[in-house]
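>>> Below: sequence and its predicted model.
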Amino acid sequence: MRHNLALWVPLGLIGFALVWLGYAWSLPSEGMIGDRFGYDPGSRFLPVAAGIVLAAALLGDLLRRWPLMPVPVQTGPVLAHVVTLIVYLIAFRPLGFVLSTAFVLFGLIALNQRHMGQLFRLWPFVCAMAAVAVGSVAVFTAVRWVIRTCFALARTHDLPILREPAVQAGLATVAVVMAMGMMIWACRRWRHLQYVAAVQVAIGTTFAIYLLFRQLFLIQLPPGILNW
Amino acid sequence: MDNLLAGVAMIATFETLFWIALGSILGIVLGALPGLTATMGVALMLPVSFYLPTATGMAMLLSVYTGAVAGASIPAILLGIPGNPNALATVRDGHAMTRAGQAGLALGSAAVASLVGGLLSLIVLILFAPYLAAATLAFGPTEKFAIAALGLLIIAAMSEGNLLRGIAMGALGVCLSLLGSDPFTNAARLPFADTLARTPFHNGIELIPALIGLFGISQALLDLDRLRNTSSAGPIPRIGNVFPSWSRLRSMWRVFLESTGIGTLIGAIPGAGASVAVFLAHERARKTTGPVDGEPAVGEGRVEGVIAPEAANNAVTGGALIPVLSLGIPGDAVTAVLLGALMIQGVVPGAALFANDMPLVYAIFLGMGAALMAMFVFQLLGVRLFPLLLRVPLSFLIPCVLILSCVGTFAVDGQAPIKAGYNMAVALVLGVVGYALRRADYPIAPLVLGLILGPMLEDNYRLAVKLAQGDHLIFLYSPIVLGMVGVLVLAALASKVRR
């Protein structure tokens, strides 16, 4: 799919500028509280002024460049990525961070590999998707087990250091590295190396982000269906 | 002295040093991967800095910045492809040295030059920023509006593309920054206000999602075009001797000083940017370096041709922080992101920062010094790993950047799920908009600056006019504003005459 962005972008911007101007003009102009004499230019002034500058500059640029030289852009891969990211945003909460991130990462890597001209085969792809699911659940379970064990040991053996997020993140990192190592060993005989690498990068990156944000900074990433 | 010690205490912690080291490694890696920019790296790490103490977060972002600027020399030297515009002038001599079997010497010289350039510009920053900040005490709303407007205009004029496009992008940024609510009355200022006022849209477009979208996501989408064009990496070059001899370094003192001076000055001028500085420094080195028997000339594989642009591009980092810390006006896209990081933490740059929070100012200076040291150490340690690093395929990198952008945006408001989802959507939409704009040759830096400076423009304009009892021409009566405009006009005329 090819689009001439040199034409569509200026036209889209001019359309936005006109809509903005119309909208800014329709705003009620409210002055600052206590401005009894009406000296404040009001809340509408700058939106209208910025809109006029925007429209005038865009129009001047368009007239200066007319007729526009076409700049065709191959938008297919970009659109595919954007659509995948929209799906990611939608699936992020219901499916959970771990599964949605791992699936989308793997999907995007496979998409790029296909775009680069590498052969796409359906069955290895489906098997790799299943490997992403199984691997993510397994690593997540291992990480959760490590965290729970840390809390249990801290309670039973009076080791408060095991409650520290940084210590837990460090131990969980060791668990992830070991799990990834086992996964690499398990996949060593699989012939489709492009998918093996994609599965490992997808799972590894997912858990690197998980450990940073969830374990170290304690951000509530959505658990989704993996709620143990 | 107490302030300095308090600043040292903020930086000399295990946590801060850990994040500086991590930021430095990440910066070098990002800078080394062709196409990935310092701005993108700093934008991606913004959400992480949000969860760190202010000094630690700023030190980490500065280490990503300095690391990415220095790291760009790696592909320029090894592959002949600049990692980003900072290394455009390093390619000629750096790659020629690699072809001559001196890749290690070129990489080592680049690391030394980056350290020296960065440290000297940091000294200039420490010396000048407080005085410039003190001068701003004489500024009222009139002058503050003029500074913001002129800064935006300069960057619009000097961005890639042309003046009209730059102005249009600046105005677009201002328009987007005004969405949300009126700063003085809190009245809703957004379409379908009755419905949207109860949604996160009421707060307008927040800075972190906007920066991540415009720099992280749009850059990753742009890099998709390079997927098919990326040729497989060639053979791994031999890395021999890394350090230039001490006598050779001493003989190049003039190149170091001149390049650092050029970089610092260009960095301090809003809009000029490192790509101008590196070419000026390289050209200056070419003119001042005499021929030596048995050595090629500058431009054909001589170490001075690597030292000059690398000292200049890292000197830009210190120079660029002068207007950020003293005036609150960023000089380019990456310092706009750094300013955003400060503002998100509630720090307002300018005279008040230097008067009330000197420990933080010292911590930022020390953090930058530590970041430069870390950059130097990791660049030297990694010399033998860089050829392998350049083999990481883009097909893996792009998805990782996209996902990190989305999750980083979510993390900023992770405890408020609806707002976090809204932020992710804003980042994605602005990422696509940024991609389309960049493909159509519209500059992004003025858009980001407009987004950051928009509220400052509105607040100060309305205050200035109100204080002048409704006189919109108040800006023409201020001698400071007229002086600033005069200097700008003179600079523009001088540039025309010289051309």
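Sure thing, it's come through. Residues are numbered from 1 along each chain as shown, chains lettered A, B, ... in the order given.

>>> rest of the way, CA atoms for contacts and neighbours
Fine.

>>> what does the stretch 301-450 of chain B put close to chain A?
Residues of the stretch 301-450 of chain B found near chain A (Cα under 8 Å from any Cα of the partner chain) are B:395-396, B:399-400, B:403-404, B:411, B:414-415, B:421, B:424-425, B:428, B:432, B:436-437, B:439-440.

>>> Show only the entries of those residues found in helices.
B:395-396, B:399-400, B:403-404, B:411, B:421, B:424-425, B:428, B:432, B:436-437, B:439 (DSSP state H).

>>> now for the residues you listed, which pair is the farthest apart?
B:Ala411 and B:Arg439 (29.1 Å; Cα to Cα).

>>> Between the two, which has more neighbouring residues?
B:Ala411 (27 against 19; other Cα atoms under 10 Å in any protein chain shown).

>>> Skip the chain neighbours and tell me the closest residue to the residue in chain A that chain B sits nearest to.
Residue nearest to chain B within chain A (Cα to the nearest Cα): A:Tyr39, separated by 4.3 Å. Using Cα to Cα, 6 or more residues apart in numbering or on different chains and skipping the chain neighbours, the partner closest in space to A:Tyr39 is B:Gly470 (4.3 Å).

>>> so is the one you found in a helix, a strand, or just coil?
coil (DSSP: H, G, I helix; E, B strand; the rest coil).

>>> Please apply the same query to the one 4 residues further on.
Judged by three-state DSSP, the three-state class of B:Ile474 is helix.

>>> so what's it up against?
B:142, B:464-465, B:468 (Cα atoms under 8 Å, 6 or more residues apart in numbering or on different chains).

>>> Pull out the buried residues from those.
B:142, B:464-465, B:468 (16 or more other Cα atoms under 10 Å in any protein chain shown).

>>> show me where chain A has helices.
Taking DSSP H as the test, the helices found in chain A are A:5-26, A:45-65, A:76-95, A:97-115, A:122-156, A:165-186, A:193-210.

>>> Point to the residue nearest the middle of chain A.
A:Leu85 (6.5 Å; Cα atoms, centre = their mean).

>>> per-residue confidence at that residue?
Listed pLDDT for A:Leu85 reads 93.

>>> Ok, the one 5 residues further on next?
A:Ile90 carries a pLDDT value of 91.

>>> What is the burial count for it?
Neighbours of A:Ile90 (other Cα under 10 Å): 14.

>>> Also B:Asp293?
Neighbours of B:Asp293 (other Cα under 10 Å): 6.

>>> cool, the one 3 residues further on as well?
The burial count assigned to B:Pro296 is 15, neighbours taken as other Cα under 10 Å.

>>> Could you say which helix or strand holds it?
Element membership for B:Pro296 (DSSP states H and E) is empty, with no helix or strand holding it.

>>> Next one: it relative to chain A, how far apart?
As defined by Cα to the nearest Cα, to the nearest Å, B:Pro296 lies at a distance of 40 Å from chain A.

>>> ok now do that residue, which residues does it touch?
B:Arg302.

>>> If you count neighbours, what's buried in stretch B:176-192?
Applying 16+ other Cα under 10 Å to stretch B:176-192 flags B:176-182, B:187-191 as buried.

>>> Show me which pair in the residues you listed is furthest apart.
B:Leu176 and B:Ala187 (16.4 Å).

>>> Nearest to B:Phe215, out of the helices of chain A?
Nearest to B:Phe215, of all those, is helix A:76-95, at 15.4 Å by Cα to Cα.

>>> List the buried residues for the closest one?
Using 16+ other Cα under 10 Å as the test for burial, helix A:76-95 gives A:77-78, A:81-82, A:84-86, A:88-89, A:91-93, A:95.

>>> what angle separates that helix from helix A:97-115?
160 degrees (axes from the mean of the first three to the mean of the last three Cα atoms, to 10 degrees).

>>> Just list the residues touching the spatially closest residue to B:Tyr422 that is not a sequence neighbour, thanks.
Once flanking residues are discounted, B:Tyr422 sits nearest to B:Pro200: 6.9 Å by Cα to Cα, 6+ apart. Residues near B:Pro200 by Cα under 8 Å, 6+ apart: B:418-419, B:422.

>>> cool, and A:Val132?
A:Val132 touches A:102-103, A:106, A:199, A:202-203, counting by Cα under 8 Å, 6+ apart.

>>> pLDDT below threshold where in the chain?
Because you didn't say which chain, this covers chain A. A:1-3, A:71-72, A:118-120 (pLDDT under 70).

>>> that's the other chain; I wanted chain B
Along chain B, the parts satisfying pLDDT under 70 run over B:34-35, B:82-83, B:85, B:158-161, B:228-240, B:270-273, B:275, B:491-492, B:494-499.
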